[in-house]
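[1] sequence unavailable; structure follows:
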C-alpha cells in the first residue's frame, strides 16, 4: 500500500473519531413524554356505581389530618375527577344516564357532566 493511501486512510480514521467524540460525551436521555394525554378506558367493572361510590368515599382518607382549606381543594379536585369518570363511563355505554344522575346525587357532585369523547 502506498504511503499516500495510508496517510489518507489515517486522516479519515482521525476525522471519524473526532466527529463521533462529542456524540459519545452526551448522556443518553429518555424520550420526552407524549404531548397528547392518554385517556383511561375503563372496563365494565370500573364503571359500576358501587365501585365508584366506594372509591369516592375512601380516596380522601389519607389526607384527613390536613387543614380545612387543603381538604376543600382536594374535595373539589376529587369531584371534578369523579364527574369526568362518570362521563367517560356514560359515553362508553358502561353506565346508564339514570345511573350517572343517581351517582352524582348520591355523592353530592353538582354540575353538568363534562363532554367525554366516545373514542375508546
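    Received, thanks. On a predicted model such as this, the values are computed, not experimentally measured, just so you know.
[2] what about residue 86, how many residues nearby?
    Per other C-beta atoms under 10 Å, the neighbour tally for residue 86 reads 24. Where C-beta positions appear, they are placed from N, C-alpha and C, glycine not excepted.
[3] now it: closest residue in space that isn't a chain neighbour?
    residue 100 (5.1 Å; C-beta to C-beta, 6 or more residues apart in numbering).
[4] ok, the one you found - contacts?
    Residues counted as contacts of residue 100 (C-beta atoms under 8 Å, 6 or more residues apart in numbering) are 86, 87, 89, 90, 113.
[5] buried set for the helix or strand hosting it?
    Assigned by DSSP states H and E, residue 100 belongs to helix 97-107. For helix 97-107, the neighbour count (16 or more other C-beta atoms under 10 Å) marks 99, 100, 103, 104, 107 as buried.
[6] and residue 87, how close does it get to residue 69?
    28 Å (C-beta to C-beta, to the nearest Å).
[7] with neighbour numbers in mind, choose between the two.
    Using other C-beta under 10 Å as the criterion, residue 87 and residue 69 rank with residue 87 on top: 18 against 8.
[8] and the strand or helix carrying the more buried one, what does it pack onto?
    Using DSSP H and E, the element containing residue 87 is helix 68-91. Where contact means 3 or more C-beta pairs under 8 Å, 6 or more residues apart in numbering; DSSP states H and E, helix 68-91 is packed against helix 49-58, helix 97-107.
[9] go again with 6 Å.
    helix 97-107 (3 or more C-beta pairs under 6 Å, 6 or more residues apart in numbering; DSSP states H and E).
[10] now do the helix it packs on: distance to the chain's middle.
    How far helix 97-107 lies from its chain's middle: 26 Å, per C-alpha atoms, centre = their mean, to the nearest Å.
[11] report the angle between that helix and helix 49-58.
    For helix 97-107 against helix 49-58, the angle by axes from the mean of the first three to the mean of the last three C-alpha atoms, to 10 degrees is 20 degrees.
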